[in-house]
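Novice: pasting a predicted model and its sequence here:
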Amino acid sequence: MIGSGRSDFHATITGLGAHVPERVITNDELSKLVETSNEWIVERTGIRERRIAADSEALSDLALPAARQALEQAGIEGRDVDLLIVATVTPDMMFPSTAAILADQLGAAEAAAYDLSAGCTGFMYALAQAYGMVAGGLSRRALVVGGDVLSRVLDWSDRSTVVLFGDGAGAVVIEPSEAAGFFAFELGADGAGGEHLWLPGSGSRTFEEPEKFVKMNGREVFKFATRILVQSGEAVLDRCGTRVEDVDLYVPHQANVRIIDHATKKLGIPSERVVINVDRYGNTSSGSIPLALSEAQADGRLRTGSLVLMTGMGAGLTWGSALMRWTRAEAA
Ligand SMILES: CC(C)(COP(=O)(O)OP(=O)(O)OC[C@H]1O[C@@H](n2cnc3c(N)ncnc32)[C@H](O)[C@@H]1OP(=O)(O)O)[C@@H](O)C(=O)NCCC(=O)NCCS
């Protein structure tokens, strides 16, 4: 599914924030838990370290500081938010939603609040949904959070998954604006590939041998990821009639440096325009894109006027891209 923003209406990101847990786990530390090595992980993934939540930290504990930062940047209070979407596959609990918990913590008493599940693509789905609600007049100030504490659902004896993921969250405020803002979105899902990256035994389906941990067919996901980052990115650019040369900043889902490098080359985006932080955070699922945006804002690469292409992909299998112009002023 692909769609352009309403031509008679503009909405944009007015505030951005991110937060990661303090605890760093290096590849060397992981190699004491499972049979792996720093060399293998760096060569195959580009990941050097990741952040892991403390036992006492749940998703809302990571989301709250990220959300506060985004609200502060937007110059608004929690009570001004009328829509709060948390994209995650690791909510604090199945219900109440983490969004409802967060709304209470932020004093967003008037906000509709719910969680959204689209694997690592959750943040992109939530962005599109918030845009749609703001454009449709259902919301005036939306807070979108993407975040996960995947460390809770990893099998810490499985070397094929444990090296890839980390914990983190990011948040953005979306409001109507004078100028775009968002131009178009492209979202999709292929449930036939669901078994390649899944958490069976986590819902109402009964399995003979319930599996409480993430299971992944790395090679299949790799093939999917390299294909879809290119396809989805090109689709949204085509829709907007925009040339890849005009993209100032490419913010792909941070899963693996090899996947990002492949997509970047195929799309024809010069490496200096690509945001990569997977080396320090691993794959933070729905936290990955806002976390990368936040870093790019902090280091001055994301500026007012930058044309930004973002693409997420993950469990589902799902994917989602957005093309937008960054309209807010640089971070204070
Ligand atoms: C997981 C991934 C890094 C593996 O890299 P790869 O180059 O495809 O490696 P392979 O799967 O071919 O495995 C090569 C060997 O390394 C081994 N291996 C797997 N994980 C390992 C680890 N952490 N340390 C050392 N060896 C490991 C495998 O067992 C395999 O051994 P074998 O040949 O004896 O069977 C890669 O497939 C990948 O990144 N896939 C996408 C995963 C992803 O991004 N998921 C989230 C999407 S949102």
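Specialist: That came in fine, so what should we check first? Predicted model, so just to flag it, every value in this text is computed and none were measured.
Novice: switch to C-alpha atoms for all contacts and neighbour counts from now on
Specialist: Will do.
Novice: spit out the contact partners of the closest residue to the ligand within the stretch 1-150 of the chain.
Specialist: Closest approach between the stretch 1-150 of the chain and the ligand, counting by C-alpha to the nearest ligand atom: T36, at 3.7 Å. Neighbour list for T36: 30, 159 [criterion: C-alpha atoms under 8 Å, 6 or more residues apart in numbering].
Novice: pull the CA atoms of stretch 79-92 into PDB?
Specialist: Output in PDB follows, covering the C-alpha atoms of stretch 79-92 (Å, rounded to 0.1, in the frame of the first residue of the first chain):
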ATOM      1  CA  ARG A  79      -1.700  17.500  28.400                       C
ATOM      2  CA  ASP A  80      -1.600  19.000  24.800                       C
ATOM      3  CA  VAL A  81      -1.300  15.600  23.200                       C
ATOM      4  CA  ASP A  82      -4.600  14.100  22.000                       C
ATOM      5  CA  LEU A  83      -3.200  10.900  20.400                       C
ATOM      6  CA  LEU A  84      -0.500   8.600  21.700                       C
ATOM      7  CA  ILE A  85       0.600   5.600  19.800                       C
ATOM      8  CA  VAL A  86       3.300   3.300  21.100                       C
ATOM      9  CA  ALA A  87       4.800   1.000  18.400                       C
ATOM     10  CA  THR A  88       6.200  -2.100  20.100                       C
ATOM     11  CA  VAL A  89       6.300  -5.900  20.300                       C
ATOM     12  CA  THR A  90       7.500  -5.800  23.900                       C
ATOM     13  CA  PRO A  91       4.900  -3.700  25.800                       C
ATOM     14  CA  ASP A  92       5.200  -3.500  29.600                       C
END
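Novice: start the count at 371, not 1, going forward
Specialist: With the count now opening at 371, the last piece we talked about shows up as stretch 449-462.
Novice: quick check, that stretch touching the ligand?
Specialist: No. Using C-alpha under 6 Å from any ligand atom, stretch 449-462 stays clear of the ligand, with a minimum separation of 11.8 Å.
Novice: can you mark which positions in that stretch are buried?
Specialist: Within stretch 449-462, the residues that count as buried by 16 or more other C-alpha atoms under 10 Å are 450-462.
Novice: chain center to that stretch: distance?
Specialist: Centroid separation for stretch 449-462 versus its chain: 13 Å, with C-alpha atoms, centre = their mean, to the nearest Å.
Novice: pull the longest helix from this structure.
Specialist: Of all the segments of type helix in the chain, defined by DSSP state H, the longest one is helix 588-610.
Novice: could you give me the average pLDDT of that one?
Specialist: Helix 588-610 carries an average pLDDT of 97.
Novice: which elements pack onto it?
Specialist: strand 372-374, strand 552-559, helix 627-637, strand 677-684, strand 688-695 (3 or more C-alpha pairs under 8 Å, 6 or more residues apart in numbering; DSSP states H and E).
Novice: what's the closest of the ones you listed to the ligand?
Specialist: That would be strand 677-684 among the helices and strands packed on helix 588-610, by C-alpha to the nearest ligand atom, at 3.7 Å.
Novice: can you list contacts of that closest one?
Specialist: Contacts with strand 677-684, where a contact means C-alpha under 8 Å, 6+ apart, come from 488-491, 493-494, 567, 595, 598-599, 602-603, 616-623, 655, 659, 689-696.
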